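>>> Predicted model follows, preceded by the sequence.
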Protein chains: 2
Amino acid sequence: MQVVLSVEEMQNIADRLRKEGKRIGFVPTMGYLHEAHLSLVRNVKSRCDRVVVSIFVNPTQFGPGEDFERYPRDEEGDKAKLEREGVDFLFMPGKAEMYPPGYQTYVDVSEVSKGLCGEFRPRHFRGMATIVLKLFNVVKPHVAVFGEKDYQQLMVIKQMVKDLNLNIEIIPGTLMREEDGIAMSSRNTYLSPADRENARRIYRSLQKGKELFDSGERRVSSIVKTVEEVLRSKDGIVVQYVEIRDAETLEKIDRVNGLAVIAIAAMVGSVRLIDNMIIGRSEQ
Amino acid sequence: MQVVLSVEEMQNIADRLRKEGKRIGFVPTMGYLHEAHLSLVRNVKSRCDRVVVSIFVNPTQFGPGEDFERYPRDEEGDKAKLEREGVDFLFMPGKAEMYPPGYQTYVDVSEVSKGLCGEFRPRHFRGMATIVLKLFNVVKPHVAVFGEKDYQQLMVIKQMVKDLNLNIEIIPGTLMREEDGIAMSSRNTYLSPADRENARRIYRSLQKGKELFDSGERRVSSIVKTVEEVLRSKDGIVVQYVEIRDAETLEKIDRVNGLAVIAIAAMVGSVRLIDNMIIGRSEQ
């Protein structure tokens, strides 16, 4: 695995690979890699000739008071994991490489970024879309994967790619869970044992919502009420939102007809967690 | 010359040319081509293996009440001119091809877009930068030229390319003038004979400003005053701004030390004209 630190070197590699007719697959990450990241790597590896993973903790997608400074890092562990997966290139730029002095350009995907996490993390999607666009321009991939755990993020990226004519295939990666049901996230490392016990209610609440849907309920208000009841059945979770939206457009709905997503954001102690579940999908 | 209407076809052509190792040069235009456009074509042709010109009157860079609806068009004349210049591909997408229903993604280059035309045409640079970014993603050029007449536009594009890691060389094209000194512009066709006579004062005012600079004056306020006096010496011109800014950064300055640009926007009758002159350039 070749570690690449500079934009210029990565672009030269990408140009060479493309000239050789190689299909480039890309997995952008913020590091502290867990099994869900590695499943994205395997997913993209099966579709491409060369795999590029990036590790960059992007300051512009964190708000004031969020966890940018303490975001967990494990450079050596990450490298070992990616080596084992047969990743070809690890792009790991410094902050000044991506945001030099005088930096001032941002991309907004206006509608899909509204509501849900967009309401609680103003400018988050602007910063995220901007760094992903920059990384796309550096890595020049044919295909990139984004996990379904960050469902709104996935939708923002898909919309940006379509609107900006980016000519990159965006593949959704399945949400993966720990053995106790908690959605895999680098931020789970912040959870105390007590927090962790509380956090398990998030998955249980999604399961309850899905059960109600599977039993025939189609009213969004009724399913949301059930999910919230599970979350609020004990202390320890402060709900930011429970919403059910159209899974293709993220538009608000009153009734579940086609595919929908139950999306949750909640504070568990001082840790902000998000989770979601698709309902109406035939294979579930 | 091959005329290309669809994004997908243009991207396939660009991918093929890049795989063949061809260097792609690009001139984005809004059509109604005049000699200054053709000089941009010649400029880029001398640097590349294949030349792509686009014609697209971009609705998102026009404000309410501006001239989007009446912007002059001459498709057949444009094609004949580009054929004569040996252009390889003319990309001419329809509006729905570039902005399909649900379109919602825009790019902002915040600092360089402020002031000057940014003050009088809110959202103009956002729309312009967005369509240029889209066209870059479709045409995939190695090099693109932008005329110095739209000086702030050129600076916005250069900043965007740098910030978004676009890996495209941006070449400034020399500002060209008609025989009577008026800067070449598709909008000159709007001018009545009386307007045209008044419009000539814009170039004369820039010349007066440059003469003052050449005679040793370095105070911005003094040069601006002289320029404004020429513009206001008769009726028929309503000045929007006369400013002198650093030519590299577009930052405001009090004294001219290095390269600077005298920039003017004015209404001549109902026609908005812009013009500029670089001062402190050794070859001038």
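In hand now; what should we look at?
>>> going forward, measure contacts and count neighbours with C-alpha atoms only.
Fine.
>>> Which element, helix or strand, includes residue A:40?
According to DSSP states H and E, residue A:40 maps onto helix A:35-45.
>>> Quick one: residues in contact with that helix.
Residues outside helix A:35-45 that contact it (Cα atoms under 8 Å, 6 or more residues apart in numbering or on different chains): A:25-27, A:29, A:51, A:53, A:81-82, A:85, A:87, A:143-147, A:173, A:175-176, A:184.
>>> again with stretch A:69-76
A:31-32, A:57, A:186-187, A:189.
>>> Going by distance to chain B, which of these wins?
residue A:57 (17.1 Å; Cα to the nearest Cα).
>>> can you give me the strands for the stretch 151-284 of chain A?
A:169-173, A:237-246, A:260-268, A:271-279 (DSSP state E, counting those that start in this stretch).
>>> In JSON lines: the ones you listed, plus distance to residue B:245, mean neighbour count and mean pLDDT.
Listed next are those as JSON lines, based on distance: least, Cα to Cα, whole Å; neighbours: other Cα atoms under 10 Å in any protein chain shown; pLDDT from 0 to 100:
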{"stretch": "strand A:169-173", "distance to residue B:245": "43", "mean neighbour count": "18", "mean pLDDT": "98"}
{"stretch": "strand A:237-246", "distance to residue B:245": "47", "mean neighbour count": "20", "mean pLDDT": "98"}
{"stretch": "strand A:260-268", "distance to residue B:245": "48", "mean neighbour count": "22", "mean pLDDT": "98"}
{"stretch": "strand A:271-279", "distance to residue B:245": "46", "mean neighbour count": "21", "mean pLDDT": "97"}
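>>> Report pLDDT for residue A:32.
Note for residue A:32: predicted pLDDT of 97.
>>> now residue A:281
73.
>>> buried subset of the contacts of helix A:35-45?
For the contacts of helix A:35-45, a burial check counting by 16 or more other Cα atoms under 10 Å in any protein chain shown picks out A:25-27, A:29, A:51, A:53, A:82, A:85, A:87, A:143-147, A:173, A:175-176, A:184.
>>> list the contacts for the residue in the stretch 151-284 of chain A positioned nearest to chain B?
Among all residues of the stretch 151-284 of chain A, residue A:164 sits closest to chain B, at 5.0 Å; criterion: Cα to the nearest Cα. By Cα under 8 Å, 6+ apart, residue A:164 lies in contact with B:105, B:130, B:133-134, B:137.
>>> One more pass at 6 Å, please.
The contact partners of residue A:164, by Cα atoms under 6 Å, 6 or more residues apart in numbering or on different chains, come to residue B:134.
>>> The one 5 residues further on now?
With Cα under 6 Å, 6+ apart as the criterion, the residues that contact residue A:169 are residue A:143.
>>> Identify the bridge partners of residue A:147.
Residue A:147 has these beta-bridge partners by DSSP bridges: residue A:173.
>>> re earlier: next secondary structure after the helix holding residue A:40?
Following helix A:35-45 in sequence, per DSSP H and E, is strand A:50-55.
>>> Just the buried residues of the helix or strand following that next one, please?
Next helix or strand after strand A:50-55 toward the C-terminus (DSSP H and E): helix A:75-84. By neighbour count with 16+ other Cα under 10 Å, helix A:75-84 contains the buried residues A:78-79, A:82.
>>> Okay, now the unreliable bits of chain A?
Counting by pLDDT under 70, chain A has low-confidence residues at A:282-284.
>>> tell me the domain boundaries of it?
As assigned by automatic domain parsing, chain A contains the domains A:2-173, A:186-279.
>>> Span of the last one from start to end?
Right, the one you point to is domain A:186-279. For domain A:186-279, the first-to-last residue distance is 25 Å (Cα to Cα, to the nearest Å).
>>> Around chain B, pick out the residues from the stretch 1-150 of chain A.
A:19, A:104-110, A:134, A:137 (Cα under 6 Å from any Cα of the partner chain).
>>> 7 Å - rerun?
A:18-19, A:103-111, A:134, A:137-138 (Cα under 7 Å from any Cα of the partner chain).
>>> and the two most separated of those?
The most widely separated members of the residues of the stretch 1-150 of chain A next to chain B, counting by Cα to Cα, are A:19 and A:111 (36.6 Å).
>>> The residue nearest to residue A:140 when sequence neighbours are not counted in helix, strand or coil?
Distances taken as Cα to Cα, 6 or more residues apart in numbering or on different chains put residue A:14 closest to residue A:140, at 6.0 Å, once the chain neighbours are dropped. Recorded secondary structure, residue A:14: helix (DSSP: H, G, I helix; E, B strand; the rest coil).
>>> burial count for residue A:14?
Look at residue A:14: counted by other Cα atoms under 10 Å in any protein chain shown, it has 22 neighbours.
>>> Could you do residue A:36 as well?
21.
>>> and it, how far is that from chain B?
Residue A:36 sits 28 Å away from chain B, taking Cα to the nearest Cα, to the nearest Å as the criterion.
>>> measure that residue to residue A:281 for me?
Separation of residue A:36 from residue A:281 (Cα to Cα): 21 Å.
>>> what does residue A:179 give?
Using Cα to Cα, residue A:179 is found at 23 Å from residue A:281.
>>> Spatially central residue in chain A, please.
Taking Cα atoms, centre = their mean, the centroid of chain A lies closest to residue A:150, which sits 3.4 Å from it.
>>> what sits against it?
When the contact criterion is Cα atoms under 7 Å, 6 or more residues apart in numbering or on different chains, residue A:150 has no partners at all.
>>> The same query, at a cut-off of 8 Å, please.
By Cα under 8 Å, 6+ apart, the contact set of residue A:150 is A:274-275.
>>> For it, give its distance to residue A:132.
14 Å.
>>> And residue A:1, by the same measure?
22 Å.
>>> what's the answer for residue A:204, then?
Going from residue A:204 to residue A:132 by Cα to Cα gives 32 Å.
>>> Please apply the same query to residue A:4.
Using Cα to Cα, residue A:4 is found at 17 Å from residue A:132.
>>> which residues touch the closest residue to residue A:122 other than its chain neighbours?
Closest residue to residue A:122 apart from its sequence neighbours, by Cα to Cα, 6+ apart: residue A:63 at 7.3 Å. With contacts defined as Cα under 8 Å, 6+ apart, residue A:63 is in contact with A:121-124.
>>> So which of these sit within helices?
The members of the contacts of residue A:63 that map onto helices under DSSP state H are residue A:124.
>>> from the contacts of residue A:63, which would you call buried?
Of the contacts of residue A:63, these count as buried by 16+ other Cα under 10 Å: A:122-124.
>>> didn't residue A:29 look like it was pressed against residue A:55?
Yes. Between residue A:29 and residue A:55 there is a contact under Cα atoms under 8 Å: 5.0 Å.
>>> on that earlier part again, between the buried residues of helix A:75-84, which is closest to residue A:240?
residue A:78 (31.3 Å).
>>> Check whether that closest one really touches residue A:30, as I assumed.
No. Counting by Cα under 8 Å, residue A:30 is not a contact partner of residue A:78; they are 10.4 Å apart.
>>> so what sits against both of the two?
With Cα under 8 Å, 6+ apart, residue A:78 and residue A:30 have no common neighbours.
>>> Do me a favour and get the backbone dihedrals for residue A:134.
phi -60, psi -50 (degrees, to the nearest 10).
>>> Need the domains of chain A in a markdown table (columns: distance to residue B:196).
A markdown table is the format used below for these (distance: least, Cα to Cα, whole Å):
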| stretch | distance to residue B:196 |
| --- | --- |
| domain A:2-173 | 38 |
| domain A:186-279 | 51 |
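>>> how about the nearest residue to residue A:217, chain neighbours excluded?
Looking at residue A:217 with Cα to Cα, 6+ apart, the closest residue is residue A:223, at 7.4 Å.
>>> which residues touch that neighbour?
Residue A:223 neighbours (Cα under 8 Å, 6+ apart): A:209, A:212-213, A:217.
>>> now the residue of the stretch 151-284 of chain A closest to chain B: how far from residue A:127?
Residue A:164 is 16 Å from residue A:127, by Cα to Cα.
>>> Residues of the stretch 151-284 of chain A that sit close to chain B?
Counting by Cα under 8 Å from any Cα of the partner chain, the stretch 151-284 of chain A comes close to chain B at A:159-160, A:163-167.
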